[in-house]
Every structure is written in C-alpha cells, then in structure tokens.
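# I would like the atomic coordinates for the input below:
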Amino acid sequence: MGDVWTWIISFLILITLIGFIVYQLICLADLEFDYINPYDSASRINFVVLPEFILQGALCLFYLVTGHWFMALLCVPYLYYNFQLYSKKQHLIDVTEIFNLLDWEKKKRLFKLAYIILTLFLTIFWLIYSTLDDYED
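Just a heads-up that it's a prediction; the model follows:
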C-alpha cells in the first residue's frame with residue numbers, strides 16, 4: 001500500500017508542475033496577443049519559475065528516497081537543465097527582451113510540458129500497476 005501512496009504523491013506533484021508550466025504558457029500567449037503588458041507578464045512568469053524548479057528537484061529527490069531509480073533517472077535531465085538555467089542566471093525572463101525571445105520561451109515551456117506529461121503517464125501506469133498488485137495480494 002505504501003507504493004500506491006508514493007505514486008499518488010508523485011501524481012499530485014506532477015499535476016502541480018503542469019499547472020505552473022501551463023500558467024507560464026498562458027502568460028506568454030496573453031503577451032503575444034497584447035492582452036497583458038510585458039512587465040506584468042514577466043513578473044507573473046518569474047514569480048512561478050523558482051517554485052517550479054524547487055518542486056521538480058523535490059520530485060527527483062522523492063523518487064530517490066522512495067527507491068524508484070528509473071523515475072529518478074528520468075528526472076535527471078530536466079533537473080540538470082533547470083540547474084544550468086539557474087546557475088547561468090537565465091531562469092528569469094527579462095522585461096526588455098521578452099518580445100525578442102517570445103517564440104523561444106514558448107518552445108522551451110512546451111518541451112517542458114511534454115516531458116512532464118510523459119512522466120505523468122509513467123506515474124499513472126505505475127500507480128495502476130501498484131494498485132492492481134496490492135489488490136491481488
């Protein structure tokens with residue numbers, strides 16, 4: 001039963017990460033269609049970037065602590081990418097450059113979204129597998 005709780009917690013963390021990334025994409029789309037000014041868009045996105053990084057790092061650590069090595073290894077490239085962005089001070093959006101980098105920022109977040117959705121599907125699979133395995137015992 002403990003494995004099921006692990007996957008449920010993982011599922012909730014991944015849904016939260018998807019929410020953060022979709023929120024950033026919505027802010028960028030609003031900026032692209034002039035529904036919001038660049039300052040507001042950048043401040044809203046920058047507000048959720050660091051919590052996204054911390055939550056993803058906590059998820060990777062959670063997989064390591066619970067002994068799910070495959071899922072932890074799957075999280076390492078995304079964690080490394082986030083670490084590189086943070087260490088190079090490129091994790092925040094600059095208000096003055098936001099229009100020049102709008103397409104790149106959207107692509108970056110779409111790739112992150114696809115990566116998290118892949119991890120979410122694997123988590124759902126393992127959640128169902130663990131539930132059925134516990135049910136048989």
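# for the particular helix or strand that has Ser130 in it, the distance to its chain's centre please.
Element membership for Ser130, per DSSP states H and E: helix 102-136. The chain centroid and the centroid of helix 102-136 are separated by 10 Å under Cα atoms, centre = their mean, to the nearest Å.
# could you measure from the residue most central in space within the chain over to Ile36?
Compute the mean C-alpha point of the chain, and by Cα atoms, centre = their mean the closest residue is Leu17, 4.0 Å away. In this structure, Leu17 and Ile36 are 23 Å apart, going by Cβ to Cβ, to the nearest Å. All C-beta atoms are positioned from the backbone trio N, CA, C, and that covers glycine.
# returning to what we had before: the helix holding Ser130 - contacts with which helices or strands?
With contacts taken as 3 or more Cβ pairs under 8 Å, 6 or more residues apart in numbering; DSSP states H and E, helix 102-136 sits against helix 2-32, helix 69-87.
# show me what counts as buried in the worst-scoring helix or strand of the chain on mean pLDDT.
The helix or strand of the chain with the poorest confidence is helix 102-136; it has a mean of 92 (mean pLDDT, DSSP states H and E). By 16 or more other Cβ atoms under 10 Å, the buried positions in helix 102-136 come out as 102, 105-106, 108-109, 112-113, 115-116, 119-120, 122-123, 126-127, 130.
# need the contact list for Gly2.
Counting by Cβ atoms under 8 Å, 6 or more residues apart in numbering, Gly2 touches no other residue.
# ditto for Pro51
Pro51 touches Phe20, counting by Cβ under 8 Å, 6+ apart.
# just the element for it, please.
helix 38-66.
# quick one on the thing from earlier: biggest separation within the buried residues of helix 102-136, which pair?
By the measure Cβ to Cβ, the buried residues of helix 102-136 have their two most distant members at Leu102 and Ser130, which lie 41.6 Å apart.
# quick one: distance of stretch 41-58 to the chain centre.
9 Å.
# same thing with stretch 62-74?
A distance of 16 Å separates the centroid of the chain from that of stretch 62-74, by Cα atoms, centre = their mean.
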